[in-house]
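Novice: Sharing a model that was predicted from the sequence below.
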Amino acid sequence: MTTFPYEIHATDGAARTGVLKTSRGDIRTPAFMPVGTAATVKALYMDQVRETGADIILGNTYHLMLRPGAERVKRLGGLHKFSTWKGPMLTDSGGFQVWSLSKLRKMTEEGVKFRSHIDGSEHNLTPERSIEIQADLLGADISMQLDECTPFGCSEAEARTSMELSIRWGQRSKAAFGTRDSQALFGIVQGSVFENLRRESAERLIETGYDGYAIGGLAVGEGFEKMCDVLDFTTPHLPSERPRYLMGVGKPIDLVEAVARGVDMFDCVLPTRSGRHGQAWSDHGPINIKRAEFAEDDSPLNPEIDCPASRDYSKAYLHHLFRSGEYLSAMLLSWHNIAYFQHLTARMRAAIAAGEFEAFRREFRGKWEQGQA
Ligand SMILES: C=CCOC(=O)Nc1nc2cc3[nH]c(NC)nc3cc2c(=O)[nH]1
């Protein structure tokens, strides 16, 4: 299995900054990956996504296999050509979306049988089919093993059963992936909130051997404190020389605290989804632009961010757009939020490189808590 070179340029405590080199370009870490579910980062052009500083975006296997169909994307040249995104792309294996979106699903050792939430058509997602979709049909630079996202709140015995299934599905995913010289495969650590299971999952994934290691089964209702505890006793068991990816996370404070615990990559729908509903993010938390207090506020969202949506429009104008139900409202706030998340990861990379991450973390937490007061 050839791996993407991962260069760590500096560390500060458990925090790291570096570059994951892929055949379609470099990924600067800590990295935030905008989610491009149906081959689009909702309400943004791909050029805008690139200009915000994003090096890599996500595609969702579940959505694309149902519509337009993975074979159709292949016939149209693959996901990069289809979406016009020229940089690296990571696709999820579909496992999580099947749980959260599809009806009438049946899980067996073989895989997951489910019906499409779009047209009710029946599908059978196995580790082998998931890898075929991600690596061969969509053409992902980074594919994810098929796993089961263990629900929060289950017993240790249930978490063990689920974790062991993900280990076996990971082995089948890797066997189907084989050796490729310009694509990577990441494994996913499960084990819910149990320290012994998380350690065993990490050790057994390392035995299988992956190009990177994702931490799954978090941001599923366990809460901030418990997520940090799980990171505290999971990341030390992952290889320091490979990237660590915390799936589905998160709010700005989550990114800062996870970077402090050695996480390198993140993905979350929060910036775009909340942007469409009027939330604008900052170091002080979210503001909802629809609130009356912004009706005559002619200050921009954040002049420090080199993005037209953050710098060139007044809050009053954005307030007006949302109150009027104008399309431009979702476009500008999504654009600002993606730019803010990239601005946050860029500041963390610089702080780690300068050996000042703890100071950055303390200052950020002060602003965040003040904003929540
Ligand atoms: C791109 C990701 C690759 O996803 C997979 O193939 N499997 C997978 N996805 C997750 C997604 C999550 N989102 C959240 N919170 C919003 N928690 C998540 C946990 C998982 C997980 O345990 N597994």
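Specialist: Now that the structure is in, tell me what you want to look at.
Novice: SS state for Phe114?
Specialist: With DSSP: H, G, I helix; E, B strand; the rest coil as the basis, the three-state label of Phe114 is strand.
Novice: just Leu44 next, same as before
Specialist: Classification of Leu44 into helix, strand or coil gives coil, according to three-state DSSP.
Novice: now do Ala280
Specialist: strand.
Novice: Bridged to it, which residues?
Specialist: Per DSSP bridges, residues listed as beta-bridge partners of Ala280: Ile287.
Novice: Tally up the residues packed near it, please.
Specialist: As a burial measure, Ala280 scores 23 neighbours (other C-beta atoms under 10 Å). Just so you know, the C-beta spots here come from the backbone N, C-alpha and C atoms, and that holds for glycine as well.
Novice: Repeat that for the one 5 residues further on.
Specialist: Using other C-beta under 10 Å, Gly285 has 17 neighbouring residues.
Novice: what does Met247 give?
Specialist: 25.
Novice: That one and Asp267 touch, don't they?
Specialist: Yes: under the criterion of C-beta atoms under 8 Å, Met247 lies in contact with Asp267, with a separation of 6.5 Å.
Novice: So which residue is smack in the middle of the chain?
Specialist: For the chain, the residue nearest the mean C-alpha position is Asp267 (1.5 Å; C-alpha atoms, centre = their mean).
Novice: My understanding was that that one contacts Thr91; is that so?
Specialist: No: taking C-beta under 8 Å as the contact criterion, Asp267 and Thr91 are not neighbours in contact, 10.9 Å apart.
Novice: Next, show the common contact partners of the two.
Specialist: Leu58 (C-beta atoms under 8 Å, 6 or more residues apart in numbering).
Novice: Shouldn't Phe32 be within a strand?
Specialist: Yes: counting by three-state DSSP, Phe32 is part of a strand.
Novice: Check which helices and strands the helix or strand hosting the residue nearest to the centre of the chain sits against.
Specialist: Here Asp267 sits within strand 265-268, counting by DSSP states H and E. On a contact count with 3 or more C-beta pairs under 8 Å, 6 or more residues apart in numbering; DSSP states H and E, strand 265-268 meets strand 31-34, strand 244-246.
Novice: rerun at 10 Å
Specialist: strand 25-29, strand 31-34, strand 57-60, strand 89-92, strand 212-215, strand 244-246, helix 252-259, helix 327-353 (3 or more C-beta pairs under 10 Å, 6 or more residues apart in numbering; DSSP states H and E).
Novice: Could you export the helix or strand just after the fifth one as CSV, CA atoms only?
Specialist: This points to strand 212-215. Once the chain leaves strand 212-215, the next helix or strand it forms, by DSSP H and E, is helix 224-234. The C-alpha atoms that make up helix 224-234 are tabulated as CSV, following Å, rounded to 0.1, in the frame of the first residue of the first chain:
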residue,chain,number,x,y,z
PHE,A,224,-18.1,18.2,24.2
GLU,A,225,-16.6,17.0,27.4
LYS,A,226,-17.0,13.3,26.5
MET,A,227,-15.7,13.9,23.0
CYS,A,228,-12.5,15.5,24.5
ASP,A,229,-12.1,12.6,26.9
VAL,A,230,-12.4,10.1,24.1
LEU,A,231,-9.8,12.0,22.0
ASP,A,232,-7.5,12.2,25.1
PHE,A,233,-7.3,8.4,25.2
THR,A,234,-7.6,7.6,21.5
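Novice: List the buried residues of helix 224-234.
Specialist: Neighbour-count burial for helix 224-234, with 16 or more other C-beta atoms under 10 Å as criterion, is recorded at Met227, Cys228, Val230, Leu231, Phe233, Thr234.
Novice: Close to the ligand: what parts of the stretch 251-373 of the chain are there?
Specialist: Within the stretch 251-373 of the chain, the residues that sit near the ligand (C-beta under 6 Å from any ligand atom) are Asp267.
Novice: got any ranges where the stretch 251-373 of the chain has weak pLDDT?
Specialist: Residues of the stretch 251-373 of the chain meeting the criterion pLDDT under 70: none.
Novice: Pick out the residue in it sitting closest to the ligand.
Specialist: Asp267 (5.6 Å; C-beta to the nearest ligand atom).
Novice: Verify the contact between that residue and Phe32 for me.
Specialist: Yes: contact status for Asp267 versus Phe32: in contact at 7.5 Å, counting by C-beta atoms under 10 Å.
Novice: low-scoring pLDDT stretches of the stretch 1-150 of the chain, where are they?
Specialist: 1-3.
Novice: Start from the N-terminal end of it and give the helices.
Specialist: For the stretch 1-150 of the chain, helices defined by DSSP state H, counting those that start in this stretch occupy the ranges 46-51, 61-66, 70-75, 79-83, 95-101, 127-131.
Novice: The second one - contacts with which helices or strands?
Specialist: Secondary structure elements in contact with helix 61-66, counted by 3+ C-beta pairs under 10 Å, 6+ apart, are helix 70-75, helix 79-83, strand 89-92, helix 95-101, strand 112-115, strand 122-125, helix 127-131.
Novice: Pick the most deeply packed of those.
Specialist: Across the helices and strands packed on helix 61-66, averaging neighbours per residue (mean count of other C-beta atoms under 10 Å) puts strand 89-92 on top, at a mean of 26.
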